[in-house]
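# Take a look and give me a structure for this.
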Amino acid sequence: MHDCFFKLRVYGQIAPDPEAVIRAKNLTWRQRCHLCRRCNKENILARPATRQTPIGRAPRPLSEPPTLQSVKSAQTRAKLIEATIRCIVRLGYAKTTTPQVAVEAGLSRGAMLHHFENGAALIKAAIVELHEKRLRAFRRAADTDNHDTATLVRTYWKQLQKPGFVAFHELALAARCNPELARILQPLQVEFRDRFNEQADSLFPEWRTDLNRFHLAMTLSQTMLEGMAIQRLTGAMDDETVEPMLLLLEEQVASMNPTLRPEVDQTS
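Below you'll find the model as predicted:
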């Protein structure tokens, strides 16, 4: 509450008046600021950061659905993150600026800065979203009782054809010569790898008898498929070569699966 209110300047008085205090307490914060000439121009900054629960009214339970404002805020953040990814894909990391992202999202730069204080925060949110998309796609492909090797390989290959992989590859290359970007990317990469491995271990119980071999199979698949995707981006691999390479990878991963190996290999 303002000093002017304590001194009752809202009523043009200097000396305290008990009755005026009671009347003033019944006013809303906006009404107090409107009556106060000195702070009328600063009414937005003068408002308290949080709204206290009115006396006699129970606080909102934690399980209550989100408010319209929180939903709109989340939608705006998502729009800015997707606009950032599109800018990285189309323009590259070096030319992706906060004004450019704001234009791409159809928002003012002020609205963007309300959700992300700077470009680094926006890039970090974009990397997190790219990782989340990869984890969701992996779970959708693997969350089934029939873990067919060909289906899993080709599902991941299709995921690498989407703009998200192009954006991530662009960020990975830019981080090599950009220490600030590297400081953002590297810890997120470690977190993603740990979450990916944990998720893979839980989704593929048939590999639990040989987890070392399973991790090798996952590393082989990721390295080969992502390398193929990069070669296609640069024109080093033509479409005719893709299918034989996918078949070769499927055969190799299937041969590493302990449930698919011949009985003689398990007893030797």
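
# what helix or strand is residue 146 on?
For residue 146, there is no host helix or strand (DSSP states H and E).

# neighbours of it, just the number please.
5 (other CB atoms under 10 Å). C-beta coordinates here come from the backbone N, C-alpha and C atoms, glycine included.

# what does residue 165 give?
Residues within reach of residue 165, counting by other CB under 10 Å, total 20.

# ok, for it, nearest residue in space, not its chain neighbours?
Spatial nearest neighbour of residue 165, excluding adjacent residues (CB to CB, 6 or more residues apart in numbering): residue 229 at 6.0 Å.

# Buried residues, the one helix or strand the one you found maps to. List them.
Per DSSP H and E, residue 229 falls inside helix 211-234. For helix 211-234, the neighbour count (16 or more other CB atoms under 10 Å) marks 214, 217-218, 221, 224-226, 228-230, 232 as buried.

# now do stretch 194-213
196, 200, 204, 207, 210.

# so how far is stretch 141-155 from its chain's centroid?
Centroid separation for stretch 141-155 versus its chain: 25 Å, with CA atoms, centre = their mean, to the nearest Å.

# Now do the end-to-end distance for it.
End-to-end distance for stretch 141-155, by CA to CA, to the nearest Å: 7 Å.

# Buried residues, that stretch. List them.
Buried, per 16+ other CB under 10 Å, within stretch 141-155: 141-142, 147, 149, 152-154.

# Any idea how many residues pack against residue 118?
Using other CB under 10 Å, residue 118 is surrounded by 9 other residues.

# quick one: contacts for the spatially closest residue to it that is not a sequence neighbour?
Computed as CB to CB, 6+ apart, the closest residue to residue 118 that is not its neighbour in sequence is residue 98, at 7.5 Å. By CB atoms under 8 Å, 6 or more residues apart in numbering, the residues touching residue 98 are 109, 112-113, 116, 118-119, 122.

# switch the cut-off to 7 Å
Neighbour list for residue 98: 109, 112, 119, 122 [criterion: CB atoms under 7 Å, 6 or more residues apart in numbering].

# Please render these as CSV that adds pLDDT, secondary structure and neighbour count to the earlier fields.
CSV is the format used below for these (pLDDT from 0 to 100; DSSP: H, G, I helix; E, B strand; the rest coil; neighbours: other CB atoms under 10 Å):
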residue, pLDDT, secondary structure, neighbour count
109, 87, helix, 13
112, 89, helix, 24
119, 91, helix, 15
122, 94, helix, 22
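
# for the record, mean pLDDT for the one helix or strand residue 199 maps to?
Remark: residue 199 resides in helix 179-203, with elements defined by DSSP H and E. Helix 179-203 shows a mean pLDDT of 92.

# hmm, who's touching it?
So helix 179-203 is contacted by 120, 123-124, 127-128, 131, 135, 138-139, 142-143, 171-172, 174-175, 211, 215, 218 (CB under 7 Å, 6+ apart).

# ok, now with 10 Å
Residues outside helix 179-203 that contact it (CB atoms under 10 Å, 6 or more residues apart in numbering) are 93, 119-121, 123-124, 126-128, 130-132, 134-135, 138-139, 141-144, 147, 168, 171-172, 174-176, 178, 207-208, 211, 214-215, 217-219, 222.

# What ranges in the chain fall below the confidence cut-off?
Residue ranges of the chain with pLDDT under 70: 1-64, 260-268.

# one more time with 80
For the chain, the stretches with pLDDT under 80 are 1-66, 141, 143-147, 258-268.

# Next, count neighbours for residue 172.
Neighbour tally, residue 172, other CB under 10 Å: 15.

# Residue 166 versus that one, what's the distance?
11 Å (CB to CB, to the nearest Å).

# got it, and residue 201?
Note on residue 201: its distance to residue 166, by CB to CB, is 29 Å.

# same question, residue 68
Plainly put, residue 68 is 35 Å away from residue 166 if you go by CB to CB.
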